[in-house]
Each structure stands twice: as structure tokens, then as C-alpha cells.
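Mind folding the following:
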Amino acid sequence: MMPMTESTQQERLMHEIKQGVSHALAEDLGYLPLQQGDITASLIPNEQAAIATVITREDCVVCGTAWVDEVFAQLSEQVVIQWHVADGDRVKANSVLCEISGPARILLTGERTALNFLQTLSGTATTTSQYVALLGGSKTRLLDTRKTLPGLRLAQKYAVSCGGGKNHRMGLYDAFLIKENHIAAAGSIANAVNTARLNFPGKPVEVEVEDLTELEQALAANADIIMLDNFHIADIVKAVSINKGKAKLEVSGNITAEALKSLSTTGVDYISSGALTKNVRAIDLSMRLRVQTLAK
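You can find the predicted model right below:
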């Protein structure tokens, strides 16, 4: 669905990781220098070294290792992380995800920021994996939406891909999604689609329709993708028959885990769900610290 090259997407993701981590650390440190920003860490001798073990307390799909790496890289060059998992790995409860060694102060300063990223993105990846499993062996693919947590657009969409889902458009710039208000302002579905082709040739054009009459209009306008918004199952089946493979069909609106299996049997190409990212439940993670004996 995304008309972006893999290298461009990767560059943007790396930029977002650095920027997002920097902002998250600044929030925790009150935009102060490290020594002033974490007053509790000052209770620990500056030379005290430690090793921390990060574990998951529940089954999950791991996502967010690069964010953890970046948190500690921005705090200190002395931190070393040994990962036992990679993004996309499915792990059982009580599995060790990584070991982090370095100055105790730094490990404790970075703990919450690192775990916030890791648990949130792993939550998105895990939910996506569960939804994908419900689609079974059907041809229907699961898509995310723009209903992401502010500031975590690329991060959550990356997590969706780690969970086996596919990305819809990244933003308002890479594909058209013509909805009810766009149609009303443009005058008709045909006008909206034709103007889209003229203004940005080559960009995918998707039209959201609310009934079978609008479906016919979108097909006549040669839309690339047609989103069936809040259609009942019976009308989705009719839409697939009317479409005859002319456009890609996407189902959206109140998509629940319970509905996925029945929707996948209708023959639509995509099912999109905002719940993957906006209703994310963080995975329960824990970091256990053990200090190393100071040399006398």
C-alpha cells in the first residue's frame, strides 16, 4: 500500500528513532543536564557498575530493540547491550530479552524510557500477530491506519509489520483517501478521482464508499482501491461480486478480532483496523538490576 522505497522508509524510521528517543529522555530529565535531571540516580556512587536483565512477563512478539539501543547510546557510550531476541521474534513469558551492562546510574536513568518504547511497540506487534492469525490462510491482508499515537507514526507502523500486518498510507502525502467530506467538496466521486489523477499522477487513489451505489460510482471513476465503510457482511459479498476484481477492496469500520474470520471469507483484499495502534496494550516487561562489586 505504501509507495515509498524501502531505503527511504528506513531512513525516515532511523531519523524518528533518534528524534523520538531524544524527546522522551528530555521529558524524563526535565530538559536538564543528566546530572541534574535524574535526582534519584544521584543516590548511587558515580563509579558503581551494574548489569540489568530485561524480561517479558507474558507471551509477546518483540518490537523496539533499536529504540532501547538508542536510549542508552544517547545517555552513555559505556553501556553495552546483548540482545537474545530480534524484532519480530515470538517469545514466551519470562523469556530474557536482553542484558544491559554499564554505569548503574545510567541504566536506571534509561530504564523507563527504554521500556516504554519496547513495551508499547511489542504490544502493537503482538496484537497485530493475533489479528493476522485469525485471517488464517485467506488472501485477505491486514492493514493499519493513521490512528497512531502522536509522535509514533513510523514506529507503530514498523511494529505492525513486525507482527505480520501490512502498512496503509503513512500520512496525507503518499496516497489519496477520498472520503465523504472530500466527495461533497469536490462535487462527486468522479470529480474527486479525476482531480486526484491530474494533481498527483501516479499516486494511489482510494475512495471510501458507504453503499453499493457509491461503489458503482467509484468503479466507474477507476479508483485503485475502494474502502467499504461499515458494510454489513451481505453487502460486502455483493460488493465483491459487483467489483469482479476491477479494484482492490478494503473493509473498514469497527473491525474486531471476533469479526476478522468471517470478513476474510468474503474475498476482500484488505481489512484495516485502527485498533492495532490506537487501542494498544503495552506488554508487561521488567528490568532487574544487580550491581557489581566496586574495586577497593
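
Does residue 226 belong to a helix, a strand or coil?
Counting by DSSP: H, G, I helix; E, B strand; the rest coil, the backbone at residue 226 sits in strand.

who does it bridge with?
Counting by DSSP bridges, residue 226 forms beta bridges with residue 207, residue 249.

neighbours around it, how many?
By other C-beta atoms under 10 Å, the residues close to residue 226 number 28. Where you see a C-beta, it was placed from the backbone N, CA and C, and this is true even at glycine.

what's the answer for residue 103, then?
The number of residues packed near residue 103 is 20, by other C-beta under 10 Å.

Setting aside sequence neighbours, what's the nearest residue to it?
residue 78 (5.8 Å; C-beta to C-beta, 6 or more residues apart in numbering).

Let me see the contact set for the one you found.
By C-beta atoms under 8 Å, 6 or more residues apart in numbering, the residues touching residue 78 are 102-103, 106.

Mind checking which of those land in strands?
Among those, the members found in strands (DSSP state E) are 102-103.

Would you quantify the distance from the closest residue in space to residue 284 that isn't next to it in sequence to residue 287?
If the residues on either side of it in the chain are set aside, residue 284 comes closest to residue 57, at 4.1 Å by C-beta to C-beta, 6+ apart. Applying C-beta to C-beta, to the nearest Å, the value for residue 57 to residue 287 is 11 Å.

How about residue 48?
16 Å.

With residue 166 instead?
Look at residue 166 and residue 287: by C-beta to C-beta, they are 32 Å apart.

thinking again about what came up before, which residues does the residue nearest to residue 284 contact?
Per C-beta under 8 Å, 6+ apart, neighbours of residue 57: 93-94, 284-286.

tell me which of those residues is nearest to residue 116?
Distance to residue 116 across the contacts of residue 57 (C-beta to C-beta) is lowest for residue 285, with 9.5 Å.

And the pLDDT at the closest one?
Here, the pLDDT recorded for residue 285 equals 98.

show me the contacts for it.
Contacts for residue 285 (C-beta under 8 Å, 6+ apart) come out as 54-57, 97, 115, 118-119, 122.

so how many other residues sit close to residue 199?
Residues near residue 199, counting by other C-beta under 10 Å: 9.

Repeat that for the one 5 residues further on.
As a burial measure, the neighbour count of residue 204 was computed by other C-beta under 10 Å and equals 18.

What distance do you get for it to residue 197?
Counting by C-beta to C-beta - residue 204 and residue 197 are separated by 11 Å.

just to revisit the earlier point, pick out whichever of residue 48 and residue 287 has more residues nearby.
residue 287 (19 against 14).

shaky segments in the stretch 1-150 of the chain?
Along the stretch 1-150 of the chain, the model assigns pLDDT under 70 to residues 1-6.

Now do the strands in it.
Using DSSP state E, counting those that start in this stretch, the strands of the stretch 1-150 of the chain run over 49-56, 60-61, 80-83, 90-91, 96-103, 141-143.

Show me what residue 178 is bridged to.
residue 207.

can you pull the contacts of it?
Contacts for residue 178 (C-beta under 8 Å, 6+ apart) come out as 186, 189, 192-193, 196, 205-208, 223.

Return the closest of the residues you listed with respect to residue 89.
residue 206 (33.0 Å).

residues near the nearest residue to that closest one once chain neighbours are set aside, how many?
Counting by C-beta to C-beta, 6+ apart, residue 206 lies nearest to residue 225, which is 3.9 Å off, once chain neighbours are set aside. Counted with other C-beta under 10 Å, the neighbours of residue 225 add up to 21.

so residue 192 sits right up against residue 181, yeah?
No: judged on C-beta atoms under 8 Å, residue 192 makes no contact with residue 181 at a distance of 10.5 Å.

Looking at these two, which is more packed in?
Using other C-beta under 10 Å, the more surrounded residue of residue 192 and residue 181 is residue 192, with 23 against 8.

what about dumping the CA coordinates of the one helix or strand that one maps to to PDB?
Using DSSP states H and E, residue 192 maps to helix 189-199. The C-alpha trace of helix 189-199 is given here as PDB (Å, rounded to 0.1, in the frame of the first residue of the first chain):
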ATOM      1  CA  ILE A 189     -16.700  10.800  -6.700                       C
ATOM      2  CA  ALA A 190     -15.800  11.200 -10.400                       C
ATOM      3  CA  ASN A 191     -14.700  14.800  -9.900                       C
ATOM      4  CA  ALA A 192     -12.600  13.900  -6.900                       C
ATOM      5  CA  VAL A 193     -10.800  10.900  -8.600                       C
ATOM      6  CA  ASN A 194     -10.200  12.800 -11.900                       C
ATOM      7  CA  THR A 195      -8.700  15.800 -10.000                       C
ATOM      8  CA  ALA A 196      -6.500  13.400  -8.000                       C
ATOM      9  CA  ARG A 197      -5.100  11.900 -11.200                       C
ATOM     10  CA  LEU A 198      -4.400  15.400 -12.600                       C
ATOM     11  CA  ASN A 199      -2.800  16.900  -9.500                       C
END
